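> 3D model of this:
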Amino acid sequence: MAAHLNKYRKLMPALALLFELADLAARGSVSFVSSTSRQTQKIGLAQAAKAAGWCDYLESHARRVYSCVANPHHRNAVELLDRIKGKKIAVSGIFSSRELLRKGWAGFDNPEKVKNTCELLADAGWVRELRPTRSAGGGRPAQEWEVHPEACR
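A predicted model of the protein is given here:
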């Protein structure tokens, strides 16, 4: 992320220059100057502010993109959703946390990671937690998740 943001030192003034040129063109006051004569044109404060605004907007998008790398739960959620779409799990539309653990997939190697990933998908509306049911043997209730029909398309 730091390397990405370092590029904004060049991006912001470049955008401001483009905005200035666009405004000059809109007013019809753009003139091309030969390389031998020097003419200076200052970039306006409004164009600089517009460029800074664009950089803020682009930074917010970059942070969202990079958060998938920074947050393993997001990455796991995307992988689980891909596996659901690929019919590698939840073919019937329902899967259990234990089933995910038994698969032995990377990122799903402990119950806490499985729970966090499934809860993230639930928050996004891709799955919903079903009411736990006790097994016939009276053991701990299974944590099951129902897949939203749109997730399988």
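
> Would you mind finding the longest helix in the chain?
Using DSSP state H, we find that the single longest helix of the chain is helix 45-70.

> Can you name every helix or strand that it contacts?
helix 2-6, helix 8-27, helix 72-85 (3 or more Cβ pairs under 8 Å, 6 or more residues apart in numbering; DSSP states H and E). In this view, the C-beta of every residue, glycine as well, is placed from N, C-alpha and C.

> For residue 49, which of those is the nearest?
Minimum separation from residue 49 across those (Cβ to Cβ) falls at helix 8-27, 8.7 Å.

> And for that closest one, what's in contact with it?
For helix 8-27, contacts defined as Cβ atoms under 8 Å, 6 or more residues apart in numbering pick out 30, 41, 43-44, 47-48, 50-52, 54-55, 58-59.

> Redo these as CSV? Include distance to residue 128.
Formatted as CSV, the contacts of helix 8-27 follow (distance: Cβ to Cβ, whole Å):
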residue, distance to residue 128
30, 58
41, 59
43, 53
44, 53
47, 49
48, 48
50, 44
51, 44
52, 42
54, 39
55, 39
58, 35
59, 34
